[in-house]
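In: Compute the structure for the input listed below.
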Amino acid sequence: MMNREYDVIVVGAGPAGSMAAKTVAEGKHSVLVLDKKQEIGTPKRCAEGINARVLASLDIKPDPRWAINNIRGAVCYSPSGNSVNTDLGAMGGYVLERKIFEKHLATQAIKKGARYMVKTNARKVLKENGFVKGVKADYMGEELELKSRIVIAADGVDSKIARDVGIDTKNVLEDYHSGFQYEMAGLKLEEEDKLHIYFGEKIAPKGYVWIFPKGDSVANVGIGILGKLSSDGNRAIDYLDRFIGSHPEIFQNASPIEINAGGVPMGSPLEDMVDNGFMVVGDAAHHVNPIHGGGISLAMEAGMIAGQVASEALDRGDVSKKSLQEYQRRWEDKFDTKLKKLI
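Out: Numbering: from 1, shown residues only. The predicted structure is shown next:
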């Protein structure tokens, strides 16, 4: 029979959630991860790039099953077509197969003792005497009450669970960028070991177009623009299709094999990431770089910090907001000043 009580429940099995779960499990505390999707890692919602330094800092060894293309630099193109070519060598990173990568993170957490439930939708939190004490969730048509001493919300942009606690995770409209991406095969791209970034108001208003090569003529080709529509009424997909059509030397024989779209929160991290028995991490806490919109690295580091603080709080027997505030303090010490300078 399924256990209904845990030290920690994590809502969301993305990079932030799985890192938090793994860290809590390493602290010898029981942890359950819930994810509303039936398959972890799908659909992907990013260009899949990650810095090699971050993987090393998190003690994650690159595996060719998910670190599928080694990136050693970037080529940045101006509106006039001029380019700057950088070579980072060993300081570069990887383009991931994120669907496999997220399952890898979950597998590592499970090996440490975490439990996972997919196709399980956390509807609301359970509260008792001002403390979050678990969640109500739907699993395959069955309503469950799952108890815990701490709940960690890692359920993405505009976190439903955080809002239920009373933490406002909404972004103002002007802080949202609209993203659209094709994964394409058949590209003719020089330097497949570099990211290709294109700037210009006519190319991507208040944003940019990216080509993140995955090797063997395959790449993520995407765009981010400010808002759902530009000032001329065009959508992100309109600009991206126009860009692809204007570069036949790259795309003449290419076709999409996957489409991804969604909003990217580009504002400041939440001012309040904790409550009694409660923490918020990753996209739910707006842990996104406001320059390029990337969030995998920040999410995983936030998850690890949250997991460490949760374990320490459980050891002390104090899961109050004041106790869990240490998570926010450590996060801000490491990232807050840097991120705010970029806004």
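In: what's stretch 246-259 in contact with?
Out: 44, 180-189, 211, 217-218, 221, 244-245 (Cβ atoms under 8 Å, 6 or more residues apart in numbering). C-beta: built from backbone N, CA, C; applies to glycine.
In: rerun that using 10 Å as the cut-off
Out: Stretch 246-259 has contacts (Cβ atoms under 10 Å, 6 or more residues apart in numbering) with 43-44, 99, 180-190, 196, 198, 203, 209, 211, 217-222, 237, 243-245.
In: Show only the entries of those found in helices.
Out: Among the contacts of stretch 246-259, DSSP state H puts 99, 237, 243-245 in helices.
In: Which phi and psi values does Gly317 adopt?
Out: Backbone torsions of Gly317, given as degrees, to the nearest 10, read phi 80, psi 20.
In: which residues touch it?
Out: Here Gly317 is in contact with 149, 323 (Cβ under 10 Å, 6+ apart).
In: likewise Lys36?
Out: Listed by Cβ under 10 Å, 6+ apart, the contact partners of Lys36 are 11-13, 117-123, 137-139, 155-156, 160.
In: ok, now how distant is it from Met19?
Out: As judged by Cβ to Cβ, to the nearest Å, Lys36 and Met19 stand 19 Å apart.
In: Quick check: bridge partners of Pro256?
Out: Pro256 has these beta-bridge partners by DSSP bridges: Met184.
In: Determine the number of other residues adjacent to it.
Out: Pro256 sits with 13 neighbouring residues when counted by other Cβ atoms under 10 Å.
In: now do Glu192
Out: Neighbour count for Glu192, taken as other Cβ under 10 Å: 19.
In: now do Arg4
Out: 12.
In: same deal with Phe180?
Out: Neighbours around Phe180, by other Cβ under 10 Å: 20.
In: What's opposite it in the beta bridge?
Out: For Phe180, the beta-bridge partners under DSSP bridges are Ile223, Ala261.
In: going forward can the numbers begin at 485, since that is how I track them
Out: OK, 485 is where the count begins now, so the last one is Phe664.
In: pretty sure it is touching Ala720, no?
Out: Yes - with contact defined as Cβ atoms under 10 Å, Phe664 and Ala720 form a contacting pair (4.0 Å).
In: Identify the contacts common to those two.
Out: 706-709, 745.
In: where does the stretch 685-827 of the chain dip in pLDDT?
Out: 712-715, 749-752, 773-778, 820-827 (pLDDT under 70).
In: my bad, the stretch 485-634 of the chain
Out: 485-486, 574.
In: All the strands of it, residue numbers only.
Out: Counting by DSSP state E, counting those that start in this stretch, the stretch 485-634 of the chain has strands at residues 489-495, 515-518, 533-535, 551-555, 557-561, 567-571, 577-580, 599-601, 604-612, 615-623, 626-637.
In: Check the stretch 635-784 of the chain too.
Out: Counting by DSSP E, counting those that start in this stretch, the stretch 635-784 of the chain has strands at residues 660-669, 678-682, 692-699, 702-710, 739-749, 758-759, 762-764.
In: buried stuff in the third one?
Out: Taking 16 or more other Cβ atoms under 10 Å as the neighbour-count basis, strand 692-699 is seen to contain the buried residues 692-698.
In: nearest to Ile552, of these?
Out: Lys698 (5.7 Å; Cβ to Cβ).
In: residues in contact with that closest one?
Out: Lys698 makes contact with 532, 552-553, 578-581, 667-669, 671, 676, 704, according to Cβ under 10 Å, 6+ apart.
In: Of those - the most surrounded one?
Out: Leu580 (26 neighbours).
In: pretty sure that one contacts Pro548?
Out: No - look at Leu580 against Pro548 with Cβ under 10 Å: they stay out of range, at 11.1 Å.
In: For Arg814, which non-adjacent residue is spatially closest?
Out: Leaving out its chain neighbours, the residue that sits closest to Arg814 by Cβ to Cβ, 6 or more residues apart in numbering is Ile789, at 5.1 Å.
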